[in-house]
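Participant: any chance you could fold what I've pasted below:
(chains A and B)
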Amino acid sequence: MHAWRPRNAVQFGLVAGPLFFLTFFFLWPVGELLVRGLGADGTSVGEVFGTASIRSAIWFTFWQAALSTVLTLVIAFPLTWALSNFSFVGRRVVRAAVSVPFVLPTVVVAGAFIATADRVGMDDGPFALAGSVFAILVAHVFFNVAVVVRTVGSYWSQLSIDDEHAARMLGASTVRTFFTVTLPRLRPAIAAAVAIVFLFTFTSFAVVLILGSSRQRTIETEIFRYAISRTDFGTAAVLSVVQLVTVLVLVIVNQRIRGRLVGADRITLDRGRPLRGMRQRVVVGAAVVVTMLLLAVPVLSLVDQSLQSGGGWSFAHYRALADRPPFLTVSPLRAIGNSLFFAAIAAFLATAIGGWAAVAIAFSRRSIGRLVDLAFLLPLGTSAVTLGFGVLLAFDTGVLDLRQSWVMIPLVQSLVGVPFVTRAVAPVLLAIDPHLREAASSLGAEPRRVLRDIDLPIARRAIGVGAGFAFAVSLGEFGATSFVGRRPDFMTVPLAIARLLSQPGQQIRGQAMALSVILMVLTTAVLLTLDRSDRTVL
Amino acid sequence: MFHSSLLRLLGALFTITLVAAACGDDTVVDTATDEAMDDESADDVMDDDAMEEESPCYAEPDLAEIIVTDDEVDYSSTTITLATHDSFALSEGTLEAFTAETGITVEQIAVGDAGELVSQAVLTKDNPTADVLFGIDNSFLCRGLEAGLFLPYSSAALASVDDALELDPHHRVTPIDYGDVCVNYWIDELPGDAPTSLDDLIDPVNAGEFVTENPETSSPGFAFLLATIATYGEDGWEDYWTALVENDVAITAGWNEAYYGDFIAGGGDRAIVNSYASSPPAEFLFADPPVDTPPTGSFSDACFRQIEFAGILSGTDQPEAAALLIDFMLSPTYQEDIPLNMFVYPANGDAALPDAFVEHGPLVDDPLTLDPAVIEANRDDWTARWNEIVLG
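Facilitator: Reported below is the predicted structural model:
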């Protein structure tokens, strides 16, 4: 079957646009830093690899990311299944709320984890949380469950259920139907989620630093250590290259395993059907409740702390957010405004660029599509230090001296959001039956019209999922925002929380917790709205 | 089949990792430790006078660069940029007072913590993002001086600053504020008498009570390591840390995890923590519910002094306007705004202190210090040794 493709010139434009953005705002800055770092005297690759602590950090980075990814997949799977296959009261809220961990500052979550571990007596013994690999894995699962639930879930809920019905009709058991029919069809979405979770955990910084209690080191924490504590840009650059090359190799492996994204998988608007029978209710209920409880434990501990004031329950910490406390350059309320502003721009940029890239992937030759996909995953696997310093070096002259401009904040944040959009939307576009487009085309519709009338309505949910992620990622982003210099009145919520939590005084701490809770509520509200948008047209 | 693909992926992942792990050669020594050992033989590091002569930190700067300010010049259309770390905050109107006085508009740019600020300044030295940098402290000072970040400028206002705060003989940086990193304790939860010295922390009565921060990832953590080196000397600090480990010291990545994780303040079970001299006044001012006296105390016997400096960046086009900002940063208007915004003490001895600081934050009379050149020359070696002793 030949895929329906636009003319060559159009294809070129489709690919060139997003790649130009990526080259300008990612490859160029990172390249500048690497050239500067590797050009510095006295750092040889052999020397860096000769350091035992660096070799063990590389190994640890790798296996903790692989294990975190597998664990996240396993733990997120029941909830993903429930949300994709059934419609029930609260489904949308669960789908939005599951992303809350994404925006929570690690410093806050880590505190909640440690407090919970103390309370349930897990501060000793084989599963002791403090300073262990176990703590890192638990936190990585907590932060990334949303990636699987939303990326795999949005795709799954649009897969037509006819194939499964056919298999059951032919006598296959439920389990067998799942493994031979459903799972293979989910492959592109699972591959997308695996790539994103792996890259996130591969480069995670604060989780490793805080929960690893300095005993665990990864490539990311080593880059930070060499670039910041030692001003040794040479070693930091070599480590960044190691990080980039590993990411490249792994994404290529991931693409191979995902295999050819075949067209013409039957796509529906929503395969979710009402719950029938007691057994189904219990199983689905359990899948939802158990997973949500796991995610809720640290969250409830935050809510609890934000409401403790004056020796009892009170909203005092929330009321205090309107005034500028000492240590902050703006009031927390203003920081919330800043964060929403930056996140809106970053989400818009990520959706536009990522959507464009997804169209490019869907309508170009397979090798070019893979290249675009690969290129946009790179920022996920790059250290905030590398990108942040690169930006400083690249954008430093004339009209391009953007180092102090607020524009850099959403731009850098959008780089992380783009792959979410691309990896959510491209599989859906590829799964659309080409005959639909051919039919429209032969009836005289121009390519643009085909895209608008055929592809856009079907891809709407995936676009919403990608945009929501881009928004959430930007709201919670700390590292790169902190590295890009900014006017003090552009302080964002994660920066404000980190600052408040670096001072003694229960009032100040209570305000940090209240601010975290507001961040969670805002995220849920925005994601609910974005999820709802897929209904307005259909 | 899908699941066989998944197995193939895992197989591939493990193969790559094994190859990566096998690439190195275990006989090679950790290069970081190696380099640091070459710089300085371990015996004379504490000899400050010898360091001052030899260290590139104190090399004579180019005298032609000395800046003279001129009251006659009109700066009303001048804008300069002040780069700071994220912890920088002032009351509204403070910098506007400078503009009203001189006509110079100040733009601000905030970046990460002190370490990130210095690293960025080194990286962009030839084309800096700002004219004045504030927030380099004595532990990073030599790194900035050796990189040639700053122009010399001797402000007339230095007359009211304690000489002990002026660490650069060539005035490339100007002290603006200081704070002391001190051991704090939760008064009601101590197992024995309140500790009064570092020795008390290795007393078995305080076993499992002390928590401090990793010197490589935390600025107060590094200050505490320096406090032990300043107290016990190059020959004794390693033994002291061995004793601390035997007395079950806890180590966290940052201040927050120590203070609000392991320490009583956040629900932990340790009664002694490494924090600041200004922490008890903060516990009093921001208590919830309000208290008459702070629940915490600190002892002043082993406090390490952190001094924050401002300097004129050598790439600036407007050294005179930048110099006027340095003058302003030492003025009472600016200096008296510092304590309640950043919880450190003003460098200018004439600046009045807020009540809470006077009552609950007893000034440390005899703080511990180390020459910045000694710190810079030994930092990597010390932290590498600390890692071996404490984290094993």
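Participant: which SS class is B:Gly311?
Facilitator: With DSSP: H, G, I helix; E, B strand; the rest coil as the basis, B:Gly311 sits in strand.
Participant: ok, which stretches of the stretch 251-392 of chain B are strands?
Facilitator: B:272-276, B:296-298, B:304-313, B:345-346 (DSSP state E, counting those that start in this stretch).
Participant: out of these, nearest to chain A?
Facilitator: Across the strands of the stretch 251-392 of chain B, the minimum distance to chain A, taken as Cβ to the nearest Cβ, is reached by strand B:272-276, at 6.8 Å. Just so you know, the C-beta spots here come from the backbone N, C-alpha and C atoms, and that holds for glycine as well.
Participant: is the closest one in proximity to chain A?
Facilitator: Yes. For strand B:272-276 and chain A, the contact criterion (Cβ under 8 Å from any Cβ of the partner chain) is met by B:Ser275.
Participant: got it, and stretch B:249-258?
Facilitator: Yes. Using Cβ under 8 Å from any Cβ, we find that stretch B:249-258 touches chain A at B:Ile251, B:Thr252, B:Ala253, B:Gly254, B:Trp255, B:Asn256, B:Glu257.
Participant: what residues are up against the last one?
Facilitator: Counting by Cβ atoms under 8 Å, 6 or more residues apart in numbering or on different chains, B:Glu257 makes contact with A:Val107, A:Ala110, A:Gly111, A:Ile114, A:Ile210, A:Ser213, B:Glu213.
Participant: give me the element the closest residue to the fifth one other than its chain neighbours is part of.
Facilitator: For A:Ile210, the nearest residue in space outside its immediate sequence neighbours is A:Ala110; the separation is 4.3 Å by Cβ to Cβ, 6 or more residues apart in numbering or on different chains. Counting by DSSP states H and E, the element that carries A:Ala110 is helix A:106-119.
Participant: before we move on, what about A:Ala57?
Facilitator: Assigning secondary structure by DSSP H and E places A:Ala57 in helix A:52-85.
Participant: my guess is A:Phe60 meets A:Arg215, correct?
Facilitator: No. At 10.5 Å, A:Phe60 and A:Arg215 do not qualify as touching, with contact defined as Cβ atoms under 8 Å.
Participant: now do the contacts for the nearest residue to A:Val208 once chain neighbours are set aside.
Facilitator: In space, and not counting its chain neighbours, A:Val208 is closest to A:Thr218: 5.1 Å by Cβ to Cβ, 6+ apart. Shown in contact with A:Thr218 (Cβ under 8 Å, 6+ apart): A:Ala57, A:Phe60, A:Thr61, A:Gln64, A:Phe202, A:Ser204, A:Val208.
Participant: among the residues you listed, which two are most distant?
Facilitator: In the contacts of A:Thr218, two members sit farther apart than any others by Cβ to Cβ. They are A:Ala57 and A:Ser204, at 13.3 Å.
Participant: can I get the contacts of A:Thr218 in CSV with pLDDT?
Facilitator: What follows is the contacts of A:Thr218, written out as CSV (pLDDT from 0 to 100):
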residue, pLDDT
A:Ala57, 90
A:Phe60, 93
A:Thr61, 93
A:Gln64, 95
A:Phe202, 93
A:Ser204, 88
A:Val208, 88
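Participant: who wins for neighbours among these?
Facilitator: Going through the contacts of A:Thr218 with other Cβ atoms under 10 Å in any protein chain shown as the criterion, the one with the most neighbours is A:Val208, at 29 neighbours.
Participant: please name every helix or strand in contact with the helix or strand hosting it.
Facilitator: Take DSSP H and E as the rule and A:Val208 turns out to sit in helix A:206-211. Packed against helix A:206-211 by the contact rule (3 or more Cβ pairs under 8 Å, 6 or more residues apart in numbering or on different chains; DSSP states H and E) you find helix A:106-119, helix A:133-156, helix A:219-224.
Participant: just how off-centre is that helix within its chain?
Facilitator: Relative to its chain's centre, helix A:206-211 lies at 18 Å (Cα atoms, centre = their mean, to the nearest Å).
Participant: C-alpha coordinates for it, CSV please?
Facilitator: Listed in CSV are the C-alpha atoms of helix A:206-211, where the atom choice follows Å, rounded to 0.1, in the frame of the first residue of the first chain:
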residue,chain,number,x,y,z
ALA,A,206,17.2,16.5,41.7
VAL,A,207,15.7,13.1,42.4
VAL,A,208,19.1,11.5,42.3
LEU,A,209,20.8,14.2,44.2
ILE,A,210,18.2,14.6,47.0
LEU,A,211,17.0,11.0,47.5
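Participant: what sits up against it?
Facilitator: By Cβ under 8 Å, 6+ apart, the surrounding residues in contact with helix A:206-211 are A:64, A:105-107, A:110, A:113, A:129, A:131, A:135-136, A:139-140, A:143, A:216-218, A:220-221, A:478-479, B:217, B:252-254, B:257.
Participant: tell me the contacts of the residue nearest to A:Ile210?
Facilitator: A:Ala139, A:Ala206, A:Val207, A:Ile210, A:Leu211, B:Glu257.
Participant: wait, what's in contact with the first one?
Facilitator: Listed by Cβ under 8 Å, 6+ apart, the contact set of A:Ala139 reads A:Thr106, A:Val109, A:Ala110, A:Phe113, A:Val207, A:Leu211.
Participant: show me what contacts the residue lying closest to the second one once chain neighbours are set aside?
Facilitator: Spatial nearest neighbour of A:Val109, chain neighbours left out: A:Pro298 (5.4 Å); criterion: Cβ to Cβ, 6+ apart. Applying Cβ under 8 Å, 6+ apart to A:Pro298 gives the contacts A:Pro101, A:Leu104, A:Val109, A:Ala112, A:Phe113, A:Thr116, A:Phe142.
Participant: before we move on, what about B:Ala156?
Facilitator: By Cβ under 8 Å, 6+ apart, the residues touching B:Ala156 are B:Asp327.
Participant: what's the burial count for A:Leu528?
Facilitator: Residues lying near A:Leu528 (other Cβ under 10 Å) number 16.
Participant: is it in a helix, a strand, or coil?
Facilitator: helix.
Participant: isn't it up against A:Val94?
Facilitator: No. If you go by Cβ under 8 Å, A:Leu528 and A:Val94 don't touch, sitting 10.5 Å apart.
Participant: with adjacent residues omitted, what lies nearest to the residue in chain A that chain B sits nearest to?
Facilitator: When Cβ to the nearest Cβ is the measure, chain A has its nearest residue to chain B at A:Gly505, with 2.6 Å between them. Of all residues not flanking A:Gly505 in the chain, B:Phe286 sits nearest, at 2.6 Å (Cβ to Cβ, 6+ apart).
Participant: flag the shaky bits of chain B, pLDDT-wise.
Facilitator: Scanning chain B for pLDDT under 70 picks out B:1-54, B:62-66, B:361-362.
Participant: grab the longest strand from it for me.
Facilitator: Once chain B is assigned using DSSP state E, the strand that runs over the most residues is strand B:173-186.
Participant: now tell me what touches the following helix or strand past that strand from outside.
Facilitator: Reading on from strand B:173-186 to the C-terminus, the next helix or strand found by DSSP H and E is helix B:198-201. When contacts are taken as Cβ under 8 Å, 6+ apart, the neighbours of helix B:198-201 outside the stretch itself are B:183, B:195, B:206, B:210, B:227-228, B:231-232, B:240, B:244, B:247, B:249, B:272, B:301-302.
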